[in-house]
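Undergrad: coordinates only, no sequence provided:
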DNA sequence: GTATTTTACGATCACCGTAAGAATC
DNA sequence: GATTCTTACGGTGATCGTAAAATAC
């Protein structure tokens, strides 16, 4: 069980299909399928039902996803906080300048 | 950043040295050292100070560890819950047999 | 000296992409 | 037919262990 597998699971559920999920995570459908089936094998449970209209979580799948999302959230926090530590802003936050007192942004630009 | 790296970090801090941590996680010292330095490189921050008496967390390392432990806890929950779903007890629980009605353990032995 | 960590070097295995196959509509 | 998921196969890279070097005491 690794993180990318949890990311894939999350993406599949959010998008409702492996194909859409593959765009979301930047992999091929093949890789998404592989990743999911590997996760299911490792955990020994079926996480989602491949139905007529997209996919739907099994009961245990729902539970796994719940914990998986906490994991992903915490990983994101780690990335964000360490990025701040390095003096870089990352993630979905974009950077812009508005008229403001020098102290607000000057420190950032000064770092190499 | 992957899970085993977080496990290694946690083990190092719990045991106080890379050597002890290597026993804890079941890797060589070399692998533990590699894993830690890779994590630090990927995050771009120094997580712990290699001091005279063992290691000590940096400020940001402390923060990372806090989130890492939440992650590890959630992963453990996922393993436990899916194991229950499969009908198996895992983790530190050992297995033993005592005089009991056939239904209690017979089903387990029957599985290939 | 001992004990611990880091570095160097190979080997192995997990993961991915391409491509073909199966299933579903 | 189109679309989606799965399976097969090969290549590449991360991660591990062995072993040597560096570091600290």
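TA: Done, it's in. Just so we're clear, the structure is a prediction, and the values are computed from it rather than from any experiment.

Undergrad: quick one: low-confidence residue ranges for chain A.
TA: Scanning chain A for pLDDT under 70 picks out the ranges A:88-112.

Undergrad: run through the residues of it sitting next to chain B.
TA: A:1-3, A:43-45, A:60, A:63-64, A:67-68, A:70-71, A:74-75, A:77-79, A:81-83, A:85-86 (Cβ under 8 Å from any Cβ of the partner chain). Glycine gets a C-beta too; all of them are placed from N, C-alpha and C.

Undergrad: pull out the buried residues from those.
TA: A:1, A:3, A:43, A:45, A:60, A:63-64, A:67-68, A:70-71, A:74-75, A:77-79, A:81-83, A:85 (16 or more other Cβ atoms under 10 Å in any protein chain shown).

Undergrad: restricted to helices, list the residues of chain A next to chain B.
TA: Among those, the members found in helices (DSSP state H) are A:3, A:43, A:60, A:63-64, A:67-68, A:70-71, A:74-75, A:77-79, A:81-83, A:85-86.

Undergrad: any idea how far residue A:46 is from DNA strand D?
TA: Here residue A:46 is placed at a distance of 10 Å from DNA strand D (Cβ to the nearest atom of the strand, to the nearest Å).

Undergrad: please read the previous query as pertaining to residue A:29.
TA: 5 Å.

Undergrad: which residue packs closest to that residue, ignoring adjacent ones?
TA: residue A:22 (4.7 Å; Cβ to Cβ, 6 or more residues apart in numbering or on different chains).

Undergrad: what about the one you found, how many neighbours?
TA: As a burial measure, residue A:22 scores 21 neighbours (other Cβ atoms under 10 Å in any protein chain shown).

Undergrad: and it, what element?
TA: helix A:18-25 (DSSP states H and E).

Undergrad: is that helix anywhere near DNA strand D?
TA: Yes: Helix A:18-25 lies within reach of DNA strand D by Cβ under 7 Å from any atom of the strand, at A:18-19.

Undergrad: cool, and stretch A:1-9?
TA: No: Stretch A:1-9 lies apart from DNA strand D when judged by Cβ under 7 Å from any atom of the strand; the minimum separation is 9.0 Å.

Undergrad: show me the contact partners of that stretch.
TA: A:21, A:25, A:27, A:32, A:35-36, A:38-39, A:42-43, A:47, A:64-65, A:68, A:71-72, A:75, B:1-3, B:75, B:78-79 (Cβ atoms under 8 Å, 6 or more residues apart in numbering or on different chains).

Undergrad: quick check: residues of chain A near DNA strand D?
TA: Counting by Cβ under 7 Å from any atom of the strand, the residues of chain A that sit close to DNA strand D are A:17-19, A:29-30, A:33-34, A:36-37, A:50, A:54-55.

Undergrad: quick check: ChimeraX command selecting the buried ones in those residues.
TA: Buried members of those, defined by 16+ other Cβ under 10 Å, are picked up in ChimeraX with:
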select /A:17,18,33,36,54,55
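
Undergrad: so, if you compare the residues of chain A next to DNA strand D, which one comes nearest to DNA strand C?
TA: Nearest to DNA strand C among the residues of chain A next to DNA strand D: residue A:30, at 3.3 Å, using Cβ to the nearest atom of the strand.

Undergrad: for residue A:18, see how far away the closest one is.
TA: 9 Å (Cβ to Cβ, to the nearest Å).

Undergrad: what does residue A:79 give?
TA: 26 Å.
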